[in-house]
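Asks: build me a model from this:
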Amino acid sequence: MDAAGGKILVLSKRDNPPLLYALPLSPKKDHVLAKKIASVQQIPPPTTEDHRQKHGLYRSQPTALDISPDGCRAVVLTYKHAYLFKRPSRGSWVAAFSEQPLTIPLPLPENFPDLRQREAICFTPDGNSLIVTSEGRGAGIYVLNPR
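Replies: Okay, here's the model as predicted:
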């Protein structure tokens, strides 16, 4: 949610490349249609090594998106890594998602079974750290400090 911009952002999972949609945070009608605002081509596709791994074909699929409390950064989680996009002051999300993101490496699922299927990420209230978790019982909760 981009409270400052008055929008809800949604990133598709199964489109290649992922598509970014926007919805009004406070719609004036009962029903609104999400508007496609960008094609996010900056998330790297699976590597040859990824393809050798179980479910490697899907490692680049986005599973979560969050906007920082100050509205200046967005983080996208995939089954492989997280990607931090920075929005220039008074810049658009379209511009932010067209720039190269900071890659936040995550441990491989085979080495961290409690982080096997990354499905959620969010900024901490102060915006300085990220919290990531997996789906399912016994999922770990990890705090990351992207710098």
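
Asks: okay, CA-based contacts and neighbour counts for the rest of this
Replies: Noted.

Asks: and the helices in the protein, which stretches?
Replies: Per DSSP state H, the chain has helices spanning 48-52, 93-98. These are given in chain order.

Asks: please name the residues that touch residue 96.
Replies: Neighbouring residues of residue 96 by CA atoms under 8 Å, 6 or more residues apart in numbering: 85, 86, 87, 88.

Asks: filter the residues you listed down to the buried ones, ChimeraX style.
Replies: To isolate the buried ones among those in ChimeraX, judged by 16 or more other CA atoms under 10 Å, type:
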select :85,86,87
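
Asks: list the buried ones in stretch 47-59?
Replies: Neighbour-count burial for stretch 47-59, counted by 16+ other CA under 10 Å, picks out 50, 56, 58, 59.

Asks: ugh, typo on my part, it should be stretch 90-106
Replies: 93, 96, 97, 101, 103, 104, 106.

Asks: for residue 63, see how far away the second one is.
Replies: Using CA to CA, to the nearest Å, we find residue 96 at a distance of 19 Å from residue 63.

Asks: what does the fifth one give?
Replies: The spacing between residue 103 and residue 63, counted by CA to CA, is 15 Å.

Asks: hang on, the earlier thing: ok, so of the contacts of residue 96, who is nearest residue 76?
Replies: The shortest gap between residue 76 and any of these belongs to residue 85, at 8.1 Å (CA to CA).

Asks: nearest the geometric middle of the chain, what residue?
Replies: residue 76 (1.4 Å; CA atoms, centre = their mean).

Asks: for that one, give me its contacts.
Replies: So residue 76 contacts 62, 63, 64, 65, 66, 82, 83, 84, 121 (CA under 8 Å, 6+ apart).

Asks: including pLDDT, could the residues you listed go into a markdown table?
Replies: Formatted as a markdown table, the contacts of residue 76 follow (pLDDT from 0 to 100):
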| residue | pLDDT |
| --- | --- |
| 62 | 94 |
| 63 | 93 |
| 64 | 95 |
| 65 | 96 |
| 66 | 95 |
| 82 | 94 |
| 83 | 96 |
| 84 | 96 |
| 121 | 95 |
